[in-house]
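Asks: Predicted structure and sequence below. I'll ask about it afterward.
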Amino acid sequence: MGAVEGTVEPRQWRRYAALGDSFTEGMCDEIGPDGRYRGWADQLALSLAERSPDGIEYANLAVRGRLVSQVVREQVPAAVALRPDLVSLAVGVNDTLRRSFDVNAAATELENAVRALRAAGADVLVFAFGNPARRSRVLGLIRERIRAYNTAVDAIAALYGCYVVHYWDVAAMDDDRLWAEDRLHLSPRGHELASASAREALGIDDDAWRTPLVPPERNGRLATGTGHARWVGAHAGPWLARRARGTSSGDGVTPKHPTWVRVSGGAFVPAEP
């Protein structure tokens, strides 16, 4: 399922709110004029603004490290209060990284979020994430957790009439140039692909994003013992240390656009009160 069944022409959305974790915050993309990561959601906002003569309003409530339950508790009520007509909801990978992952609990939280957003009148875009085993044996340990979660995402999307981005087994995403050094976050080129995938799911672009880069690049950064050791020291180790301390990478981080900003003419400016 891509666009909502029965949709012939894409809607003209004017108020877009992005919810989620580091993926939507834009981690590892280029830094914008405000000193924050840009990310695929910013790029999607620019694309939506191009379709509207007056531009659009845009909010980004995402914070790195957030779990599904935290997004439901912290971001969904704030988004409902803003009264958007389009919401992207990309969350769940952080849950699957935990040994305590409960797919039924995560799916229930996600459904609660989607139900609240749809009841508030918003169209909702959700994400079924990629197969990590295609890129790394280490990350492949959570493969079946993500597969199970994706099944729930698809069922919820069908029930509530959501738009869906599907990444599972998309060969284009295997290219190392799309991924940051930590192998968990997208690179700038990866964020460009994510924005294109969202546009396709919304029915405002084609599926060219699924075509792999030519020539492909797979340098096997985690394939060697040295590469794996470097990754553990620089990325896995700090993550495990935070887990042991009960802290999160998102502690103290605030959303970059908690209220509406106007997107018009390729610029982001604070919306008038």
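Replies: In hand now; what should we look at?

Asks: how about the nearest residue to residue 39, chain neighbours excluded?
Replies: Among residues not flanking residue 39 along the chain, residue 26 sits closest, at 2.0 Å (Cβ to Cβ, 6 or more residues apart in numbering). C-beta coordinates here come from the backbone N, C-alpha and C atoms, glycine included.

Asks: so what's that neighbour up against?
Replies: By Cβ atoms under 8 Å, 6 or more residues apart in numbering, the residues touching residue 26 are 36, 37, 38, 39, 40, 41, 42, 191, 256.

Asks: Now the buried members of those.
Replies: Neighbour counting by 16 or more other Cβ atoms under 10 Å classes 36, 37, 38, 39, 40, 41, 42, 191, 256 among the contacts of residue 26 as buried.

Asks: what about residue 54, neighbour count?
Replies: For residue 54, the count of nearby residues is 9 (other Cβ atoms under 10 Å).

Asks: Would you confirm that it contacts residue 263?
Replies: No. In this structure residue 54 lies outside contact range of residue 263 using Cβ atoms under 8 Å: 10.4 Å.

Asks: ok, back up a step: just curious, which of the buried ones among the contacts of residue 26 is nearest to residue 81?
Replies: Of all the buried ones among the contacts of residue 26, residue 81 sits closest to residue 256, with 17.7 Å by Cβ to Cβ.

Asks: Look up the pLDDT of residue 183 for me, please.
Replies: pLDDT recorded at residue 183 is 80.

Asks: and the closest residue to it other than its chain neighbours, how many neighbours does it have?
Replies: Nearest residue to residue 183 in three dimensions, chain neighbours excluded: residue 136, at 5.9 Å (Cβ to Cβ, 6+ apart). Counted with other Cβ under 10 Å, residues neighbouring residue 136 total 18.

Asks: For the lengthiest strand in the chain, name the packing helices and strands.
Replies: Criterion DSSP state E: the longest strand present in the chain is strand 257-264. The contact analysis (3 or more Cβ pairs under 8 Å, 6 or more residues apart in numbering; DSSP states H and E) places strand 257-264 against helix 40-50, strand 56-60, helix 76-82, strand 267-270.

Asks: ok, and for the third one, which residues are buried?
Replies: I take that to be helix 76-82. Going by neighbour count (16+ other Cβ under 10 Å), the buried part of helix 76-82 is 76, 79, 80, 82.

Asks: ok, now the last one?
Replies: Judged by neighbour count using 16+ other Cβ under 10 Å, the buried positions of strand 267-270 are residue 268.

Asks: what are the pairing partners of that strand, and which direction each?
Replies: strand 257-264 (antiparallel) (DSSP bridges).

Asks: Contact partners for residue 177?
Replies: The contact partners of residue 177, by Cβ under 8 Å, 6+ apart, come to 187, 189, 190, 213, 217.

Asks: Please report the distance of it from residue 188.
Replies: Separation of residue 177 from residue 188 (Cβ to Cβ, to the nearest Å): 9 Å.

Asks: cool, residue 158 as well?
Replies: Distance check for residue 158 against residue 188: by Cβ to Cβ, it reads 33 Å.

Asks: Which one of the two is surrounded by more residues?
Replies: Shown here are residue 158 and residue 188; by other Cβ under 10 Å, residue 188 has more neighbours (17 against 12).
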